[in-house]
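*Asks:* structure, please.
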Amino acid sequence: MKAKQLSCIGAVLFSFFVMGFCDIVGISSDYAREAFGWSQTMAGLLPSMVFVWFLFLGVPVGIQMNRWGRKNTVLIGMAVTIVGMIVPLIGASWACLVGYAALGIGNAILQVSENPLIKNVVTDENILTSSLTAGQVVKAVSSFCGPFIMLFAVNILGGGDKQQWYLAFPVLGAITLLSALWLILSPIEREPVEDTEVTVGGTFALLRNPAILLLFFGIFFAVAIDVGTNFVSSKVMISRYGWSLEEAGIAPQVYFICRTVGAFVGMFLMTKISDMYYFRINIAVCILVILSLAFVRLPEIWALAQIGAVGFLCSCIFPIIYSMAVQNKPDKANLISGLMITAVAGGGAATPLIGLATDAAGTITAGVCVLLLCAAYLAYCAFGIKTVK
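*Replies:* Numbers count the residues shown, from 1 in each chain. Below is the predicted model:
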């Protein structure tokens, strides 16, 4: 493989690191709640500020990507992210909300365009799922670094003042700028132009295909369980074991490092065994783990192990479902990508439900049960319906 091609692949994969920044909303919501005196329900709305944009922008961006090109669309997403990460320096609560919204808008654009852009540099369809999973490995590494970025912002940039937690935003902006510069300098060929006359209604008409409809909601609940576990993990340790906010920060880290390892392992295993077989094994075990996390109070170390297990077992579900959707209609890859990324709004739906359930029942167990419902639908996808690959 030529050095130029390797550089292009590296630029695309590194841009997945920027995509992982949306996961910092899990740990940062704890700091924001403490800084502004918000309830669990209000804190649960913060991820919605990020993920709601996937619902509104997924399909329109997928359509526009036909005109702009995949690489240019990625760069537009990065530009929005960079600008949005400067606003929180004002220090007000509304400025932080604007920062979250900008992070969500930029991330929605990135998620629509990043996955199809891999097809521009990886031409072998037989390794598409593994290539997409490699991108998820990089994204998972970014998610794992989120708590460290937060600690760096508080302890180094903010001099130990928790009220300065929002300084994490410009750090994210600086990394995004580096990724954008690498991508600009990479000579990635533009993909063939798809149908530029397609409409939003025409894109959603793809959901008339039963397999596409199934996979659409599969993405919705896969992201919901991912964001939901990230969000609830620290709260489990605080409410059940009396951990401090700083101590509880290890829970999302355990989750993300296990998700990283799971994506890395899955990337290799899925070159040896069926994607669906791997999916079925993982989701079946995942349901058992969530049941235990919800209703069995184990020692602290085992609770962390359960949180990590959810990350490991769910790490490959998104690329499996996404790859199946794209391969179902390869001639509509841009539109399918926009449609599937619309379903990423599931991440914004899960956390308010977790916050509401926790406040209403007065126990974190109710919040964990929201994850169980998400896993149940994914089990239905894996075992109950035949899909076309």
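
*Asks:* okay, CA-based contacts and neighbour counts for the rest of this
*Replies:* Noted.

*Asks:* which secondary structure elements does the least confident helix or strand in the chain by mean pLDDT sit against?
*Replies:* Comparing every helix and strand of the chain by mean pLDDT, DSSP states H and E singles out helix 25-36 as the least confident one, with a mean of 72. In this structure, helix 25-36 makes packing contacts with helix 40-68, helix 128-152, helix 210-241, judged by 3 or more C-alpha pairs under 8 Å, 6 or more residues apart in numbering; DSSP states H and E.

*Asks:* so which strand or helix has the nearest residue to residue 132 once chain neighbours are set aside?
*Replies:* Nearest in space to residue 132, with sequence neighbours left out and distances taken as C-alpha to C-alpha, 6 or more residues apart in numbering, is residue 319 at 5.9 Å. For residue 319, the element it lies in under DSSP states H and E is helix 317-328.

*Asks:* identify each buried residue in that helix, please.
*Replies:* By neighbour count, with 16 or more other C-alpha atoms under 10 Å as the criterion, the buried positions of helix 317-328 are 317, 318, 319, 320, 321, 322, 323, 324, 325, 326, 327, 328.

*Asks:* next structured bit after that helix?
*Replies:* helix 333-342.

*Asks:* so for that following helix, mean pLDDT?
*Replies:* This predicted structure assigns helix 333-342 an average pLDDT of 78.

*Asks:* the inter-axis angle of that helix versus helix 210-241?
*Replies:* Using axes from the mean of the first three to the mean of the last three C-alpha atoms, to 10 degrees, the direction of helix 333-342 lies 30 degrees away from that of helix 210-241.

*Asks:* CA atoms only: put helix 333-342 into CSV for me.
*Replies:* Extracted C-alpha coordinates of helix 333-342, given in CSV (Å, rounded to 0.1, in the frame of the first residue of the first chain):
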residue,chain,number,x,y,z
ALA,A,333,-25.0,4.9,0.1
ASN,A,334,-25.1,8.7,0.8
LEU,A,335,-28.9,8.7,1.3
ILE,A,336,-28.8,5.5,3.4
SER,A,337,-26.0,7.1,5.5
GLY,A,338,-28.1,10.2,6.1
LEU,A,339,-31.1,8.1,7.0
MET,A,340,-29.2,5.8,9.4
ILE,A,341,-27.5,8.7,11.1
THR,A,342,-31.0,10.3,11.7
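
*Asks:* next, the angle helix 40-68 makes with that helix.
*Replies:* Counting by the same axes, to 10 degrees, helix 333-342 lies at 170 degrees to helix 40-68.
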